Each structure stands twice: as C-alpha cells, then as structure tokens.
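> Below: sequence and its predicted model.
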Amino acid sequence: MKYAQKNTTVIKTMDILNLFMDHIKMSLPELGLYTQIPRTSLLRMLTSLVEMGFLHRDASGNYELGLTFLHFGQLVAERMDIRNIALPVMHRLQQEADEAVNLAINDGNEAIYVEKINTSHQVKVYTRIGRRAPLYGGACPRILLAFMPHDEREKYIEETELISYAAGTILNKEDLRRELVEVCRVGYSVSHSELQDFTSAVAAPIYNRRGQVIASLSLAGLTERFKGERLQFLIELVMTAAREISSRLGWRV
C-alpha cells in the first residue's frame with residue numbers, strides 16, 4: 001500500500017492497528033519487532049491508543065483491540081443495514097402518500113441523504129442520494145439535530161452560522177431552539193420553504209435498539225400538497241413508517 005504525502009504518525013498508528021487483524025494480543029517487544037518503531041516512540045503511541053480506547057492493555061501488559069472498535073463496528077453496520085431495512089417501508093410509504101420519500105443520517109455537522117424514492121408527480125422536489133443539508137434546515141435534517149444530546153445540540157447551535165437557503169429558513173437561534181423543543185415534544189418535524197421555495201416536508205425519527213435516533217425519514221413535495229387535513233395525514237403516515245423501521249432495527253418503546 002502506498003502512503004505518498006500522508007502523515008507519518010497516522011501511518012505508523014495504522015501499522016500498529018493493522019497487526020491486530022492477525023494477532024489477538026501482542027506484547028510491547030512483539031510490536032516493536034513488527035513495526036520497527038523505536039521503543040520510546042512506540043510506547044508513547046500505545047499509551048495514547050489505550051487512553052482513547054482503540055487498544056486495551058491487560059494485566060499481563062499485552063495489548064489487544066479496545067471497545068472503541070466495537071462501537072465503530074456497530075455504527076457502520078447499523079448505517080449500512082438501515083438502507084436495506086428501510087427501503088421496503090419507504091416504497092410502501094411512497095405509494096400511500098404519493099410524495100417523495102427520503103432517508104437521512106447525521107454526518108458530522110450535516111445531514112446526508114442516503115436513500116430516496118421519487119414521487120409520481122410531474123413536478124418533483126430535488127433531492128439526490130449523497131446530497132448534504134444543514135441540520136437546522138428542513139424537516140428531515142432538523143430531526144437529527146432535535147434528538148442530539150443536549151450538549152452536542154447546543155454546541156452546534158452556538159458554533160453554526162444560520163444561512164438562508166429559501167424564504168422559510170430559520171435564521172434566529174432562539175427560534176431554532178424553540179422549534180427543536182417542539183419537535184422533541186410532538187415527535188415529528190414540519191418545514192415549509194426552508195431549503196427550497198414552495199416545497200414542504202414532514203419527518204420523523206428512526207431509533208436503533210438502544211433508543212438512539214440514528215436517522216430521519218421524510219415525505220417531501222410541493223407546499224400546495226402539504227396543507228390542512230392532508231398535512232396531518234402525511235404526518236401520521238411518516239410517523240407510522242418511522243416507527244416500523246425503528247422496530248425492525250430492534251427498537252422497543
């Protein structure tokens with residue numbers, strides 16, 4: 001494998017971790033033999049990896065992979081599985097609502113759309129798989145922000161500049177905070193002209209087996225179709241579908 005122009009510390013760290021693909025446990029001398037990293041530097045790197053949870057040092061002084069990898073592994077598997085689990089429900093939801101259906105997850109400080117089913121309507125709301133959106137804008141991203149741990153949510157709000165994307169984008173941070181509290185209270189989010197003028201969306205959270213919100217499911221379309229009794233009908237549809245996907249992921253109320 002070529003590592004041209006890569007950070008040498010990162011490369012050495014990866015060399016250490018790669019050894020545990022073939023070895024369950026390794027001693028300091030063994031790691032030094034395989035990596036050829038000077039003992040002092042190697043010990044410093046191993047100590048840092050233990051402190052961060054990437055490695056564990058047992059009572060005998062041997063090293064093994066830490067629980068952090070278990071967490072990351074579960075997260076990656078969860079995110080890969082959710083598309084396959086959600087897709088049949090999304091197809092049914094699209095047929096029931098005849099609106100576009102979107103599935104989004106949190107990726108850093110943005111929402112990323114990982115699955116989409118288009119509506120049969122001639123005029124469609126533009127969203128593509130892989131599209132990113134600010135967490136404060138639109139019903140689907142806002143679900144991810146609303147159900148973040150409080151400290152993370154506040155940090156995001158404090159550090160994020162609210163930029164206008166359309167006529168209805170929330171630009172006041174206190175208004176955003178109030179909206180997030182309401183989303184958590186009712187269990188869904190509604191947006192009108194926040195990321196694109198004359199478009200609306202309704203969204204609901206998807207939970208994993210530990211009760212954590214890991215994705216959001218939404219219906220999106222032209223605002224003229226998201227009003228009155230039909231809006232309430234769409235809210236009920238998306239909440240029911242999100243609960244079904246959550247249940248298939250192991251969530252229990």
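Perfect, I can see it now.
> residue contacts, residue 219?
By C-beta atoms under 8 Å, 6 or more residues apart in numbering, the contact set of residue 219 is 93, 97, 99-102, 201-203, 234, 237-238. Backbone N, C-alpha and C define where each C-beta goes, glycine included.
> closest to residue 145 among these?
Using C-beta to C-beta, residue 203 is the member of those that lies nearest residue 145, at 11.2 Å.
> can you confirm that closest one is in a strand?
Yes - judged by DSSP: H, G, I helix; E, B strand; the rest coil, residue 203 forms part of a strand.
> residue boundaries of the helices in the stretch 51-200 of the chain?
For the stretch 51-200 of the chain, the helices defined by DSSP state H, counting those that start in this stretch cover 67-97, 139-146, 150-159, 173-186.
> winner for burial among these?
Greatest average neighbour count among the helices of the stretch 51-200 of the chain goes to helix 139-146 (a mean of 28), per mean count of other C-beta atoms under 10 Å.
> Surely residue 169 and residue 196 touch.
No - when contacts are counted by C-beta atoms under 8 Å, residue 169 is not listed as touching residue 196 (10.1 Å).
> how close does residue 61 get to residue 26?
From residue 61 across to residue 26, the span is 10 Å (C-beta to C-beta, to the nearest Å).
> For the residue most central in space within the chain, which non-adjacent residue is spatially closest?
For the chain, the residue nearest the mean C-alpha position is residue 106 (2.6 Å; C-alpha atoms, centre = their mean). Closest residue to residue 106 apart from its sequence neighbours, by C-beta to C-beta, 6 or more residues apart in numbering: residue 144 at 4.5 Å.
> Settle this for me: the one you found is touching residue 213, isn't it.
Yes - between residue 144 and residue 213 there is a contact at 6.9 Å, judged by C-beta under 8 Å.
> May I have stretch 157-176 exported as CSV, CA atoms only?
Provided in CSV are the C-alpha atoms of stretch 157-176 (Å, rounded to 0.1, in the frame of the first residue of the first chain):
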residue,chain,number,x,y,z
ILE,A,157,-26.2,26.0,17.5
GLU,A,158,-23.6,28.2,19.1
GLU,A,159,-20.9,27.4,16.5
THR,A,160,-23.1,27.4,13.4
GLU,A,161,-24.0,30.4,11.3
LEU,A,162,-27.6,30.2,10.1
ILE,A,163,-27.6,30.9,6.4
SER,A,164,-30.7,31.5,4.3
TYR,A,165,-31.5,28.9,1.7
ALA,A,166,-35.1,29.9,0.9
ALA,A,167,-37.8,32.1,2.2
GLY,A,168,-38.6,30.0,5.2
THR,A,169,-35.2,29.1,6.5
ILE,A,170,-34.9,29.6,10.3
LEU,A,171,-32.3,32.3,10.9
ASN,A,172,-32.8,33.2,14.6
LYS,A,173,-31.1,30.8,17.0
GLU,A,174,-33.7,31.3,19.7
ASP,A,175,-36.5,30.5,17.2
LEU,A,176,-34.5,27.4,16.3
